[in-house]
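# After the sequence you'll find the predicted model.
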Amino acid sequence: MLVRTSILVAAVAALSTAPARGADAVSVPLPAGTLTVGASQDPSCPVGFGCQSIVVSCPGVSSDQGGTIAVGEPGGAPRGVVAFFDSGAGDDWWGMDEPEGASLLADLRTAGFRVVLVRWKGHWLASGAGQDTGPDALACRPATTIRHVHDTLYAPLLIDPAEAGRCGFCLVGSSGGASAIAYALSHHGLDQIVDAIVPTGGPPHVALAKGCLRDPSQEAYWYEGASVRAVDLSYGFMADGPCLRNDPSFRSRWAATSVDAPGADLAYPTTRVAILVGEQDRIQPHSRDYLDLLLAAGTPASLEVVPGAGHDIVAVPAGHEAIERALLAGGGSAPPPDPATGPFLLEVARVGKGTVTSAPPAIRCGWACSAALPAATTLALEARPARGWAFAGWSGDCVGAGSCSVTMDGPCSVTATFVKVRSR
């Protein structure tokens with residue numbers, strides 16, 4: 001069932017008694033963060049994915065946020081990139097604990113999408129104890145990561161989605177992950193680079209005051225259990241926070257830091273927003289408020305209720321199908337390369353343990369093992385064996401154990417072979 005509405009939800013009223021920042025209009029986009037690529041390995045890296053550790057630093061946020069990016073390459077020429085953010089703390093791999101989720105990721109890779117999973121080390125929505133940071137500022141963490149994924153994993157593919165809202169570069173987030181991708185647009189200006197977002201089970205950070213105050217006339221909005229604690233963590237409360245206490249003096253603070261805060265940008269004329277929510281999900285009123293505000297701002301948005309689903313819609317086949325439909329909306333595959341100008345696909349494979357990088361930077365395998373490049377582009381590839389391994393040589397469009405240079409006059413493929421060094 002597809003549900004559309006165009007009623008504008010009134011902004012949450014502000015009180016003068018809120019701590020820290022008040023409910024004045026937020027100035028967006030908020031300052032960007034910085035992302036540093038680390039060298040540590042994540043033992044939970046999903047099978048069939050390449051992983052890269054990251055550390056994100058953000059202005060006004062006291063602690064850095066560690067995490068891991070997992071990349072699953074498509075089965076053929078890439079047509080786009082889809083990045084996934086998990087629910088709650090975001091400290092698990094999206095969809096990997098559900099058969100339907102894993103099946104969806106495999107389907108997308110078969111359809112030609114480079115699939116990216118972001119997993120945090122600790123709660124991305126947690127502020128330091130006693131530090132009133134707010135979820136809008138903490139959302140710099142996923143926003144900075146999204147920018148990095150775009151610049152390093154999507155932009156080198158040189159894909160033109162051909163029409164607004166078609167993936168392209170798209171984002172999926174469930175529950176807290178839905179808030180992560182919603183804030184990336186509303187407060188961090190990333191609608192300029194994102195073709196579509198698919199928030200599922202949320203975003204819960206719309207209408208924060210309605211969720212926390214437990215007004216009997218707005219009972220449908222009330223947060224429960226872990227959602228209450230997650231809200232309080234963003235404002236530095238480790239226990240007995242204002243959302244738990246239903247503290248009316250915090251109303252204007254919630255209003256000022258919600259996805260729908262006064263001054264937040266909700267107008268995305270070239271970014272499609274496809275909201276999916278389970279038929280049995282209590283978060284529906286927050287999702288509907290989000291839809292109404294987007295439509296009122298002129299954003300191409302829709303809301304679909306997934307039959308038989310709860311908060312985690314990918315737990316049922318209908319949820320899998322709804323997410324896949326939302327991502328494939330617009331249809332068609334990427335346009336074929338121009339035989340004179342490209343772009344042409346370079347694919348790098350590895351046998352054994354080691355990495356392959358390129359100059360200029362386009363390949364970083366095993367993380368990003370393919371790139372679409374203009375005709376006549378020349379890349380030098382370098383193979384680096386892991387500890388206890390040795391580089392044995394190239395095959396494909398490079399041969400031998402020496403240097404490897406490829407010029408893109410058509411599709412190219414190169415394999416680097418590494419062999420185990422026998423200990424004496």
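That came in fine, so what should we check first? Fair warning: this is a prediction, and the values are worked out from it, not measured in the lab. Numbers count the residues shown, from 1 in each chain.

# Gly410 against Phe344, yeah?
Yes: because the distance of 5.6 Å satisfies CB atoms under 8 Å, Gly410 is recorded as touching Phe344. (Each C-beta comes from the backbone N, C-alpha and C, glycine too.)

# The two - which one has more neighbours?
Under the criterion of other CB atoms under 10 Å, the comparison of Gly410 against Phe344 puts Phe344 first, with 22 against 12.

# what are the bridge partners for that one, then?
Beta bridges link Phe344 to Leu373, judged by DSSP bridges.

# give the contact list for the closest residue to Gly388 other than its chain neighbours.
Beyond its immediate neighbours in the sequence, the residue positioned closest to Gly388 (CB to CB, 6 or more residues apart in numbering) is Val421, lying 5.6 Å away. Contacts here follow CB atoms under 8 Å, 6 or more residues apart in numbering; on that basis Val421 touches Gly388, Trp389, Ala390.

# Tell me the spacing between Val421 and Gly201.
Taking CB to CB, to the nearest Å as the measure, Val421 falls 49 Å from Gly201.

# which residues of the stretch 251-400 of the chain fall in strands?
Taking DSSP state E, counting those that start in this stretch as the test, the strands found in the stretch 251-400 of the chain are 272-278, 301-306, 344-351, 354-359, 364-365, 370-373, 378-385, 389-396.

# any idea of the mean pLDDT for the first one?
Regarding strand 272-278, the rounded mean pLDDT is 96.

# Show me what it is packed up against.
The contact analysis (3 or more CB pairs under 8 Å, 6 or more residues apart in numbering; DSSP states H and E) places strand 272-278 against strand 196-200, helix 284-296, strand 301-306, helix 317-328.

# would you turn those into JSON lines with mean neighbour count and mean pLDDT?
JSON lines is the format used below for those (neighbours: other CB atoms under 10 Å; pLDDT from 0 to 100):
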{"stretch": "strand 196-200", "mean neighbour count": "29", "mean pLDDT": "97"}
{"stretch": "helix 284-296", "mean neighbour count": "23", "mean pLDDT": "96"}
{"stretch": "strand 301-306", "mean neighbour count": "21", "mean pLDDT": "94"}
{"stretch": "helix 317-328", "mean neighbour count": "20", "mean pLDDT": "94"}
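
# out of those, nearest to Arg229?
The closest of the helices and strands packed on strand 272-278 to Arg229 is helix 284-296. By CB to CB, the value is 17.0 Å.

# and His150, that's in a strand?
No: counting by DSSP: H, G, I helix; E, B strand; the rest coil, His150 is not part of a strand but helix.

# Now it: closest residue in space, sequence neighbours ignored.
With CB to CB, 6+ apart as the measure, Ile193 is the residue that lies nearest to His150, at 5.1 Å, once sequence neighbours are left out.

# next one: Trp394
When the adjacent residues along the chain are set aside, Trp394 lies closest to Cys404, with 5.1 Å between them (CB to CB, 6+ apart).

# Wait, Gln280 touches Asp312, no?
No: in terms of CB under 8 Å, Gln280 does not count as a neighbour of Asp312; the distance is 10.6 Å.

# neighbour count winner among those two?
Between Gln280 and Asp312, counting by other CB under 10 Å, Asp312 is the more crowded of the two (20 against 13).

# and that one, what does it touch?
Contacts of Asp312 (CB under 8 Å, 6+ apart): Ser87, Glu98, Ser174, Ser175, Gly201, Gly278, Gly319.

# backbone phi and psi for the fifth one, please?
Yep, that's Gly201 we're talking about. Phi and psi for Gly201, reported as degrees, to the nearest 10, are phi 60, psi 40.

# separation between it and Val47?
When CB to CB is applied, the distance between Gly201 and Val47 equals 26 Å.

# Equivalent analysis for the second one, please.
Shown here: Glu98 relative to Val47, a distance of 16 Å by CB to CB.

# who has more neighbours, those two?
Glu98 (17 against 6).

# Thought Ala315 was touching that one, still the case?
Yes: between Glu98 and Ala315 there is a contact at 5.4 Å, judged by CB under 8 Å.

# which stretches of the chain have low pLDDT?
Counting by pLDDT under 70, the chain contains low-confidence residues at 1-25, 162, 330-338, 367, 424.

# Show me where it has its helices.
Secondary structure of the chain (DSSP state H): helices located at 99-110, 135-138, 140-149, 176-186, 208-213, 226-233, 242-245, 251-257, 284-296, 317-328.

# who are the neighbours of the last one, in terms of helices and strands?
In this structure, helix 317-328 packs against helix 99-110, strand 169-174, strand 196-200, strand 272-278, strand 301-306, with contacts taken as 3+ CB pairs under 8 Å, 6+ apart.

# Throw the ones you listed into CSV and include distance to Ala329, thanks.
Rendered in CSV, the data for the helices and strands packed on helix 317-328 read as follows (distance: least, CB to CB, whole Å):
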stretch, distance to Ala329
helix 99-110, 13
strand 169-174, 10
strand 196-200, 7
strand 272-278, 7
strand 301-306, 9
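
# Which one of these lies nearest to Cys398?
Judged by CB to CB, the one of those that comes nearest to Cys398 is helix 99-110, at 25.6 Å.

# Report all helices and strands that that closest one contacts.
When contacts are defined as 3+ CB pairs under 8 Å, 6+ apart, helix 99-110 sits against strand 113-121, helix 317-328.

# do that again at 10 Å, thanks
Based on contacts counted as 3 or more CB pairs under 10 Å, 6 or more residues apart in numbering; DSSP states H and E, the elements that helix 99-110 packs against are strand 65-72, strand 80-85, strand 113-121, strand 169-174, helix 317-328.
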